[in-house]
Every structure is written in structure tokens, then in C-alpha cells.
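**Student:** Sequence isn't available, so here's the structure alone:
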């Protein structure tokens, strides 16, 4: 199959390139032509996923497709933007129809669920990598920014932390089989899904839109990403470690201490971390509860720079750094194994 | 230097991340927030450049940076869109400050010249590759589309064809040294620049905006790209091969026959190929002449599908296909060498 036919076949199907009234011209010309609603700003983010760095080349292509789009949608959620369109740059070592079929299905299932439509892209022969740019709409007056946290705000997350790191351990490590066995299928599945099929918190962002001061999505690790938010806002935080949401599956897999480590520094969870003014906290929590969306208090914004635990001890703002590690799997795996109970 | 510092240092400098009133929030948050002017559509295009496929890893990093942005700007030119913003996905095998310095300078020089500003991106450790997405504005009623060519239109290009293929031969092939020597420095330099530093025809597109029916930029090769335009428009073309603009430098390097081959199928020239209604041809040509911009007639749109020469002989719509060739250099080089006069 020729390159143009390949692109045409997989990327113009209606599940990925869904019809939207604001797409004046979709895939197939030199540019897509798109219409941003009056009064709305365009929110734009791009994230690349490379085999061997962000995912394993031999991973389920459905999950690779889902995840590549999910991590980008998560950036829209972190600004409380409404998803609209995305473009896809795909580099493939060869044309593999079943692989592309599953990859597109994973991407399409999430795209349909979130109402985001593929409007363009570029396919090249090369090492497996995926770069996606998402576009969304947001009211420029009320868009969430990292820089808007204020001293006294309460800090919340939208779900458990560290599960994705646990899932990565399960995906990678034969050494965890004995612990994995204790988990049972359900626990293992929950952790694996947290890593392979992260859910972008677009709906939570929609509900919380009027209340939030500042937000960030947790991709590099909770402490690292909270650190980015606090640095941008010029303040610090006190975190109650005993209130961090850690799943029993993660505790069963790694033990309490390593599970806490995974929750603090594990990354890949794509939960939102938000800073809510105290006066709005109750109504925001009630709105989330009514929608069945978790919103879990874990600390507060303080004046002193840095991140501290409930005993005023400083916590390190660790996070993944692409240029200081051979690969994300190696580093995280090593960390997770070294933390495992023996 | 840490990843975030690296990004911060190179990509937030004012030459790349130029101030624009329509950037509400630039690099540094989860998304950039951007304002599209009322009444304008957003034109979006993305193109990936991989080392070993689109450029040589050991090429001058200034040219790599320039070229990666130029090929994307060329897509905006092909829709007659005004450049506004771009995002950059960069995968690098290691942190090399002088390389990054030159890469950014090449990109910044073109970005400044075209008034386009970097608003976001993602940097990862991995094989050298660059994926850029450009955003521009265009009046949705008058945007050029591939599908709007009409029978009777005249076909023009904005400059010489095949020079980039000649430049690639010079960059790649020791075997052309004897012919290269005949060219002298000026001729060699012109061909090399056509390949390494292509100029996106934004200004030509601005001047021609009111007159054109359909357009495409020539990236895969003149016949291949004209073929795309004609297929989208449901018509054919007659090309006067004797009027194709072929530089004397290219003829000196490759000889007449191979130079014609390079002009028809060489790719990488990023000239615009446009379809102009006859009634507008004179005024369009005069407008270009007044601005010192070449606009060269090469044929006409006809009803019969396919592309034909002036003797009604069909021409093949060849073009580069990523999945049918080991690498662009190998394929083009082999073709160019096989065509060289002996």
C-alpha cells in the first residue's frame, strides 16, 4: 500500500476524523482550515511519545494509540479547555496493517469519547514515534494557569497516585510476579490500565472550571509537577502524606513505603492536581460528588517556598528527566524494584 | 543542564518565542493560549523531519533548523495563510549546546523573517527528529484549496524546479565533484542553498491571494504534487516541458536530460504550483513583477485526466514514497547519479 493510501485509509475514517461543524477543511490539503468560536481562545499543546522512552515498542498498539492521545488531552484538561481537534505525526519502521488497525482503534475510542477529531498529520518511515498536537477552546478570562495558585488555597487531586508506576512494574518486571500473584486479576488489571490506558480528566475539568485557581496534570510525578505549579505561582505547599490517595492494589504490590514513593514520584498517572480557593472548596467538592468524580484533598498552598510534609519536613521535587536517564522504563523499574518489600 | 532548563534556555529566547499580541500565554504552561482574529479561519499543518530520511544527521544544524520550519511554512503559503505560531517536537540523542545554538538560530532567522512565533513544544531523548506544527490565519471564503482548479486555468510556478535535487547531489555525492567543479562556487552555492535553505513563498502567496483558484507546494516532486492538485480538482494538465524553469547551474551539473528529470520528479524545491484563471493571469503576473517575485507559466488545466506534455504524451506522476524506499537520500542520489551525463 502506498503512503498516501495508507494515510487515507486509516486516518480519514469517521471514527478518527469525526465530522465537526468547526472543521471547514479536514485531512487532504496542505493545511486543515478550522474555526475557533468567537470569544474563545485556542489552547494548544503537543507531546511526543517515543518507543523505548515513553512506551515499549512491543506494547499493545491499542494502548499505544490511546495513551498517545490521552497524555495530550490531559494537557487540555489542565487548562480546563474543551477538546476540539488534533494532528498526528507518526513515524513507523514499516507498514503493519494489523498494528495500525489496533493503534487507530485505541486512538479513535478515546477521540470519540472526548469529541476530538483528527484534522491532519504526517506519516514517515522511521523509528516508532508518535507526536500529537491537541487543540481546544477556553475562555481566556477563566483559563486555568499554573501561575495562579494563592497562599491559603487547598490542593486536591482527581484520583489515586502511583498506580501507573505500579502498572509499569507489572508490565516490565518478572521479579514482581510473586507480589503480582497476591494482587489477583482485578488488582493487576487496575494498575496495568492506569499505566496503559490513562484517562484524561476532561470531565472533571469541565465541572471544576469556575472554581479553580491553578492546575497541572501529573505526568512527570506528583512532587515534580506540583513543584512546577508552585514555582510558577511563587509559593510553596504543605502536603499531608497520610492523606495521599494510594490504592490498596499498589500497596499490595509494592508495600507501603515503595507505594508512597511511587505516589510521590512515579509519574504517568495523569491525575489533575488543582489549587482551589478555600471559599470555593465546598461547592467544588459537592459538584464533583454529584457527578461521581473523585476530588481528594491532600494539602494546602503556603508562603514558604518548597514542598513540605505534615511535619514540616521538606520533600524533594523529583521527576523524570529525559536527558539524565537512558530510558524511562529502566529508571522507573530500577527505582520500583529497589523499593519493593523483600 | 536539566531538560526543563534546556527547553527554557533555547526555546524561550525572544528570537524564537517572539512577542505577538495574539499570544495570551506562551511557552511554560500545559497549553499555549492563542487568539485567532475574528472572521479568520485557523490554518494548521504539521510536518515531521527525521535524520536519515528528510535530512542528514551530520548536516549543518543551522540548515536543519531553517529547513524544518521552512517546509511547514510552505504549507501555509500553499493555502495563502498568514503565519502566526508554531510548536516544536524535538527528539535529540544527547544535549549538545553548540548544535542546539545553531539549530535554534536557523529556525529563529526564518521565524523572525516570517513573523511566526514558537508557542510550545516537547523535547525528548531519542533519535534526531523534528516535528513542527504551524498555525496561520486565512479568510475561509478565499483560502486556496487543491480542489478548486478549473479547466482552462493557467498553471504557474514561483521559481526554478530541480535545484534542490541538484543541491542534494552536491551534498551527498563525491562522484559529482568533476561536474561540480565546472559550476564554480556561485552555481554550487545556489543549488546547495535550494536544498538546505528552501524559502517558503509566503510573500508570493500574499500577493497572489486574490487571484488564484488552487495551489500546492512542491515537496514530493513537481509531477507528483501537481498530480495531487489535479486529482483533488478532478481534471488534468498539459505541461510545456520546454518552458519548465530549469537553472543553468542544474543543467551544468546534471546535463539537460537529468536536469529535466530532477525538475519533474526531484522534490524538496518548495516552489508553489498554482492554477490561475486566465482572466486573472495578467493582473496576477503584473502584481508579482512589481514585487520582484517570479511567476512562470508552464501549462494549463485540461479536462482529460492525467498530465501530458506539449505533444500530448502522458507524463508519469512519480513522487517520493516513504514506505517504498530505504531513505530519501539513497533513492534520489541513485536516481541523480544514474541520470548524470558521462
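**Tutor:** Right, received. Where do you want to start? Given the structure is predicted, the values throughout are model-derived calculations rather than measurements. Numbers count the residues shown, from 1 in each chain, chains lettered A, B, ... in the order given.

**Student:** C-alpha from now on. contacts and neighbour counts both.
**Tutor:** OK.

**Student:** Identify the residues contacting the most centrally placed residue in chain A.
**Tutor:** Geometric centre of chain A, nearest residue: residue A:270, 2.9 Å, by C-alpha atoms, centre = their mean. Neighbouring residues of residue A:270 by C-alpha atoms under 8 Å, 6 or more residues apart in numbering or on different chains: A:71, A:74, A:198-201, A:217-219.

**Student:** got the residues you listed as CSV, with secondary structure, pLDDT and distance to chain B columns?
**Tutor:** As requested, the contacts of residue A:270 are exported to CSV (DSSP: H, G, I helix; E, B strand; the rest coil; pLDDT from 0 to 100; distance: C-alpha to the nearest C-alpha, whole Å):
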residue, secondary structure, pLDDT, distance to chain B
A:71, helix, 96, 11
A:74, helix, 98, 9
A:198, coil, 96, 17
A:199, coil, 95, 17
A:200, coil, 97, 13
A:201, coil, 97, 14
A:217, strand, 96, 8
A:218, coil, 96, 11
A:219, coil, 92, 11
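
**Student:** Going by distance to residue B:108, which of those wins?
**Tutor:** residue A:71 (28.5 Å; C-alpha to C-alpha).

**Student:** for that closest one, what are its contacts?
**Tutor:** A:47, A:198, A:200, A:219, A:270.

**Student:** okay but residue A:40 is in contact with residue A:140, surely?
**Tutor:** Yes: the pair residue A:40 / residue A:140 is scored as a contact, 6.5 Å apart, by C-alpha atoms under 8 Å.

**Student:** How about the residues of the stretch 51-200 of chain A by chain B?
**Tutor:** Neighbours of chain B within the stretch 51-200 of chain A, by C-alpha under 8 Å from any C-alpha of the partner chain: A:53, A:75-76, A:78-79, A:87-89, A:94-95, A:120-127, A:131, A:133, A:140, A:145-146.

**Student:** ok, now with 7 Å
**Tutor:** A:75-76, A:78-79, A:89, A:94, A:120-122, A:124-125, A:145-146 (C-alpha under 7 Å from any C-alpha of the partner chain).

**Student:** Filter these down to the ones in strands?
**Tutor:** A:89, A:120-122, A:124-125 (DSSP state E).

**Student:** can you redo those residues as TSV with neighbour count and pLDDT?
**Tutor:** TSV is the format used below for those (neighbours: other C-alpha atoms under 10 Å in any protein chain shown; pLDDT from 0 to 100):
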residue	neighbour count	pLDDT
A:89	23	93
A:120	27	91
A:121	25	86
A:122	19	87
A:124	23	85
A:125	21	84
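
**Student:** so which two of those are the farthest from each other?
**Tutor:** Spatial extent of those (C-alpha to C-alpha) is set by the pair A:120 and A:125 at 17.2 Å.

**Student:** hey, where'd the helices end up in chain A?
**Tutor:** In chain A, the helices defined using DSSP state H lie at A:3-11, A:61-78, A:97-114, A:163-172, A:177-196, A:202-208, A:222-233, A:248-265, A:278-290, A:328-339.

**Student:** Please identify the deepest-packed of those.
**Tutor:** Among the helices of chain A, helix A:61-78 has the highest mean neighbour count (mean count of other C-alpha atoms under 10 Å in any protein chain shown), at a mean of 27.

**Student:** Quick check: residue A:194 touching residue A:161?
**Tutor:** No: judged on C-alpha atoms under 7 Å, residue A:194 makes no contact with residue A:161 at a distance of 9.6 Å.

**Student:** what sits in contact with each of the two?
**Tutor:** Shared contacts of residue A:194 and residue A:161 (C-alpha atoms under 7 Å, 6 or more residues apart in numbering or on different chains): residue A:269.

**Student:** that older thread, give me the pLDDT for the residue nearest to the centre of chain A.
**Tutor:** For residue A:270, the pLDDT comes out at 97.

**Student:** The one 3 residues further on too?
**Tutor:** Per-residue pLDDT puts residue A:273 at 98.

**Student:** is it true that it touches residue A:156?
**Tutor:** Yes: with contacts counted by C-alpha under 7 Å, residue A:273 reaches residue A:156, the gap being 5.7 Å.

**Student:** how about stretch A:205-218: buried residues?
**Tutor:** By neighbour count with 16 or more other C-alpha atoms under 10 Å in any protein chain shown, stretch A:205-218 contains the buried residues A:205, A:207-209, A:211-218.

**Student:** Equivalent analysis for stretch A:11-30, please.
**Tutor:** Buried residues in stretch A:11-30 (16+ other C-alpha under 10 Å): A:11-12, A:15-19, A:23, A:25-30.

**Student:** Would you mind giving those residues as CSV with distance to chain B and pLDDT added?
**Tutor:** Compiled in CSV, the buried residues of stretch A:11-30 are given as follows (distance: C-alpha to the nearest C-alpha, whole Å; pLDDT from 0 to 100):
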residue, distance to chain B, pLDDT
A:11, 14, 82
A:12, 15, 79
A:15, 20, 81
A:16, 17, 89
A:17, 15, 88
A:18, 17, 87
A:19, 17, 88
A:23, 10, 95
A:25, 9, 93
A:26, 10, 90
A:27, 10, 88
A:28, 9, 85
A:29, 6, 89
A:30, 5, 91
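
**Student:** quick check, nearest of those residues to residue B:188?
**Tutor:** For these, the nearest to residue B:188 is residue A:30 (30.6 Å; C-alpha to C-alpha).

**Student:** Can you verify my assumption that the closest one contacts residue B:78?
**Tutor:** Yes: shown here, residue A:30 and residue B:78 form a contact pair, counting by C-alpha under 7 Å, at 6.4 Å.

**Student:** which residues do these two both contact?
**Tutor:** residue B:216.

**Student:** picking that back up, of the contacts of residue A:71, closest to residue B:280?
**Tutor:** Closest approach between the contacts of residue A:71 and residue B:280, by C-alpha to C-alpha: residue A:47, at 43.9 Å.

**Student:** where does the stretch 1-150 of chain A dip in pLDDT?
**Tutor:** A:1-8 (pLDDT under 70).

**Student:** at 50 what do you get?
**Tutor:** By pLDDT under 50, the stretch 1-150 of chain A has no low-scoring segment.

**Student:** what do you get for the stretch 201-342 of chain A?
**Tutor:** A:320-342.

**Student:** Against residue A:110, how distant is the nearest residue to residue A:114 once chain neighbours are set aside?
**Tutor:** In this structure, residue A:114 finds its nearest non-sequential neighbour in residue A:83, 6.9 Å apart by C-alpha to C-alpha, 6 or more residues apart in numbering or on different chains. Residue A:83 is 11 Å from residue A:110, where distance means C-alpha to C-alpha, to the nearest Å.

**Student:** Taking the buried residues of stretch A:11-30 together, which two end up most distant?
**Tutor:** Farthest pair in the buried residues of stretch A:11-30, by C-alpha to C-alpha: A:15 and A:30, 21.9 Å.

**Student:** ok, the residue lying closest to residue A:202 once chain neighbours are set aside to residue B:226 distance?
**Tutor:** Counting by C-alpha to C-alpha, 6+ apart, residue A:202 lies nearest to residue A:77, which is 4.7 Å off, once chain neighbours are set aside. Noted for residue A:77: a distance of 41 Å to residue B:226, by C-alpha to C-alpha.

**Student:** And residue A:200, by the same measure?
**Tutor:** Residue A:200 is 42 Å from residue B:226, where distance means C-alpha to C-alpha.

**Student:** if we can go back for a sec, out of the contacts of residue A:71, which comes closest to residue A:67?
**Tutor:** residue A:198 (6.4 Å).

**Student:** Dihedrals phi and psi, that closest one?
**Tutor:** Main-chain torsions, residue A:198, degrees, to the nearest 10: phi -60, psi 150.
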